[in-house]
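1. Give me a model of this one.
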Amino acid sequence: MQTSDIEQLFTRSDGQYLCARWGRPIVPVVFGVDDATLSTVKGAIEAVVTLANHKMAETDPELGANLMVFFCRDWSELLDVPNLDRLIEGLAPLVARLHAADANQYRVFRFDADNAIRAAFVFIRMDDALSQVPAETLALSQAVQVILLWSDTAFTDRSALAVAGETTILRPEIGALIRAAYDPVLPSVATDPAHALRLGARIGEVQ
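-> Next up, the predicted model:
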């Protein structure tokens with residue numbers, strides 16, 4: 001990947017460069033799916049965490065679970081989830097905005113004192129478009145988008161995934177970038193675009 005390509009993936013629509021990774025083991029919990037889909041989602045998360053050379057755990061000492069994935073058919077269902085309004089400040093206005101935008105997915109991140117990722121909440125509304133997407137593809141896409149704090153425009157023009165034969169896979173360059181971002185020699189959080197140069201160097205060493 002060119003440095004400019006890497007920089008674009010972490011440069012937000014307001015022009016700020018920001019790359020953050022998880023600062024603690026990931027403990028996922030999934031709501032609103034059957035057992036088969038639950039296994040698929042957790043398997044995708046585990047695969048991406050393994051790719052990053054990061055860790056998962058059975059419980060988070062502070063939060064219990066720190067990666068919560070909610071599937072719903074209508075955004076209003078979120079208002080009925082017990083105590084979710086205590087976890088997501090301004091839940092009712094958020095639901096109204098998601099309705100107005102006709103959105104089908106949304107992610108909220110929380111950060112620790114060092115600004116590394118402490119928790120993430122993933123909301124997925126299974127509209128007609130997402131209902132046509134295979135569960136494995138949807139799960140892998142969400143796992144990739146939550147393993148790092150990407151730009152809010154990172155994958156609007158090109159997906160993080162690619163089709164290889166009849167299988168959907170993670171684009172190799174995105175996989176290499178995820179591994180590089182979790183290299184212990186790099187900081188957990190970076191706001192200087194020069195960080196993209198360091199990521200590019202680490203990708204070269206990985207490959």
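
2. Now do stretch 94-107: distance from first to last residue.
-> Terminal residues of stretch 94-107 are spaced 11 Å apart (Cα to Cα, to the nearest Å).

3. how about that stretch: buried residues?
-> Judged by neighbour count using 16 or more other Cβ atoms under 10 Å, the buried positions of stretch 94-107 are Leu94, Val95, Leu98, Asn104, Gln105, Tyr106, Arg107. Any C-beta I mention is one placed from the backbone N, CA and C, and that applies to glycine too.

4. Can you lay out those residues as a markdown table showing pLDDT and distance to Leu177?
-> Shown next, in a markdown table, are the buried residues of stretch 94-107 (pLDDT from 0 to 100; distance: Cβ to Cβ, whole Å):
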| residue | pLDDT | distance to Leu177 |
| --- | --- | --- |
| Leu94 | 96 | 29 |
| Val95 | 97 | 33 |
| Leu98 | 97 | 29 |
| Asn104 | 96 | 25 |
| Gln105 | 95 | 21 |
| Tyr106 | 96 | 23 |
| Arg107 | 96 | 18 |
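
5. Tell me the one of those nearest Asp5?
-> Arg107 (21.9 Å; Cβ to Cβ).

6. tell me how far the lengthiest strand in the chain is from the chain's mean position?
-> Longest strand of the chain, by residue count under DSSP state E: strand 117-125. Centroid separation between strand 117-125 and its chain, computed with Cα atoms, centre = their mean, to the nearest Å, is 7 Å.

7. where does Arg21 fall, phi/psi-wise?
-> Dihedral pair for Arg21: phi -120, psi 170, per degrees, to the nearest 10.

8. which strand residues sit across from it in the sheet?
-> Using DSSP bridges, the bridge partners assigned to Arg21 are Leu148.

9. okay, now it: neighbour count?
-> Using other Cβ atoms under 10 Å, Arg21 is surrounded by 20 other residues.

10. okay, now the domains of the protein?
-> As given by automatic domain parsing, the domain ranges for the chain are 1-20+153-207, 22-147.

11. ok, back up a step: narrow the buried residues of stretch 94-107 to those in helices?
-> Among these, DSSP state H puts Leu94, Val95, Leu98 in helices.

12. Which elements pack onto the lengthiest helix in the chain?
-> Of all segments of type helix in the chain, defined using DSSP H, the longest is helix 35-51. Contacts defined by 3 or more Cβ pairs under 8 Å, 6 or more residues apart in numbering; DSSP states H and E place helix 35-51 against strand 28-31, strand 67-72, helix 135-147, helix 172-181.

13. Next, the angle strand 117-125 makes with the second one.
-> Think strand 67-72. Angle of strand 67-72 versus strand 117-125, following axes from the mean of the first three to the mean of the last three Cα atoms, to 10 degrees, is 10 degrees.
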